[in-house]
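K.L.:
Okay, here's the prediction I keep looking at, along with the sequence it came from:
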Amino acid sequence: MLSFEYNGQSTDKILGTPLIVVTFDTPNDINGFTREIVKGEKTLLRQEANHYGAMYSDESTYDFYLVKQDGSGITNAEQRKINKWLTSPTLPQRLTGIADDKATVVYKGIFQDVGWKLITCKLGKLDGVKCSFVSDTPFAWKNFKQSYNVSGSQSINLTVDSDDSEYIVYPKITISSSGSQGITITNKTTNQSMSVKSNSGLSVCLDCRYCMVTDNTVSGVIDYEDIGWTDAESITWLSLVDGANVITVSGSCTLTFEYDVPIKRVGDLI
């Protein structure tokens, strides 16, 4: 990985000189995608166990170093700045990086250990930051964000490029329109539909993963009745499947889909 952003800062701008990601000891073996099979017990009367699926066994830890691009040492003041950046979050954050092949990848995790390495003896200066980043998953994520201008009605062919054929995507859908009107979004592939009343100049965000609705006001809080929802129990949150999804939209609006999908490759943070 060439560079990354984390907790509102980037390796390019956290100091006056850009930081780069390096490794001093490259492993021969790289952890892959070990899964734990979840199943019931066998008995004399049930020789075949009931299977409940599979889940990834542990978090993945990535060890790497950050050094200044120009090779100069890191001062005490700069060390404090880096420590504040990497060790402040107590909950997982998005680490968005540029991989060696120029692709943008996302990891979700937290820096468990931030140490320091003295390579050459520079008085009062350290040479590198030793980082241990713990990711919630053994794979990276790829972010998709695309906007569509719909006039009257339109069919959208949305292809989900995921490395997990059974992973269900719950997108974040942002709707804005020039006038108050009803907007209906239907995924013909999954046979799901959502309808919402859009008000002029006030965008509505449907976060289908967390089952939340917000708008672009200061508080972000929205009343279901303001968007035409009167029966919360009848709400269907739109989902997408791997591959082709045929989305039909009724109503004139600007529609934005955003979501993350698994990218099962290794090596970006090694």
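P.N.:
Nice, thanks for sending it over. Numbers count the residues shown, from 1 in each chain.
K.L.:
switch to C-alpha atoms for all contacts and neighbour counts from now on
P.N.:
Fine.
K.L.:
and the longest strand for this structure?
P.N.:
The residue-count maximum for a strand in the chain (DSSP state E) belongs to strand 104-117.
K.L.:
Next, the angle strand 104-117 makes with the helix or strand that it is followed by.
P.N.:
Later in the chain than strand 104-117, the nearest helix or strand by DSSP states H and E is strand 128-135. Interaxial angle of strand 128-135 relative to strand 104-117 (axes from the mean of the first three to the mean of the last three CA atoms, to 10 degrees): 130 degrees.
K.L.:
Count the neighbours of residue 152 for me.
P.N.:
Here the number of neighbours of residue 152 (other CA atoms under 10 Å) works out to 11.
K.L.:
Quick check, it in contact with residue 248.
P.N.:
No. Shown here, residue 152 and residue 248 do not form a contact pair, counting by CA atoms under 8 Å, at 10.9 Å.
K.L.:
Looks like residue 55 contacts residue 33 (just checking).
P.N.:
No. Taking CA under 8 Å as the contact criterion, residue 55 and residue 33 are not neighbours in contact, 9.8 Å apart.
K.L.:
So these two - more neighbours on which side?
P.N.:
With other CA under 10 Å as the criterion, residue 55 and residue 33 differ in neighbour count, and residue 33 comes out ahead with 16 against 12.
K.L.:
Residue 249 versus the nearest residue to residue 250 once chain neighbours are set aside, what's the distance?
P.N.:
Using CA to CA, 6 or more residues apart in numbering and skipping the chain neighbours, the partner closest in space to residue 250 is residue 153 (4.4 Å). When CA to CA, to the nearest Å is applied, the distance between residue 153 and residue 249 equals 5 Å.
K.L.:
So the two - more neighbours on which side?
P.N.:
Between residue 153 and residue 249, counting by other CA under 10 Å, residue 249 is the more crowded of the two (22 against 15).
K.L.:
Any stretches of the stretch 1-150 of the chain with poor pLDDT?
P.N.:
For the stretch 1-150 of the chain, the stretches with pLDDT under 70 are 1, 25-31, 58, 119-125.
K.L.:
Tell me where it has strands.
P.N.:
3-6, 9-10, 19-22, 35-39, 51-56, 60-68, 93-98, 104-117, 128-135, 140-150 (DSSP state E, counting those that start in this stretch).
K.L.:
Mind putting the ones you listed into TSV with distance to residue 221?
P.N.:
Shown next, in TSV, are the strands of the stretch 1-150 of the chain (distance: least, CA to CA, whole Å):
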stretch	distance to residue 221
strand 3-6	27
strand 9-10	28
strand 19-22	39
strand 35-39	39
strand 51-56	35
strand 60-68	36
strand 93-98	23
strand 104-117	26
strand 128-135	31
strand 140-150	23
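K.L.:
who wins for proximity to residue 170 among these?
P.N.:
strand 140-150 (12.0 Å; CA to CA).
K.L.:
in the closest one, what counts as buried?
P.N.:
By neighbour count on 16 or more other CA atoms under 10 Å, the buried set for strand 140-150 is 140-142, 150.
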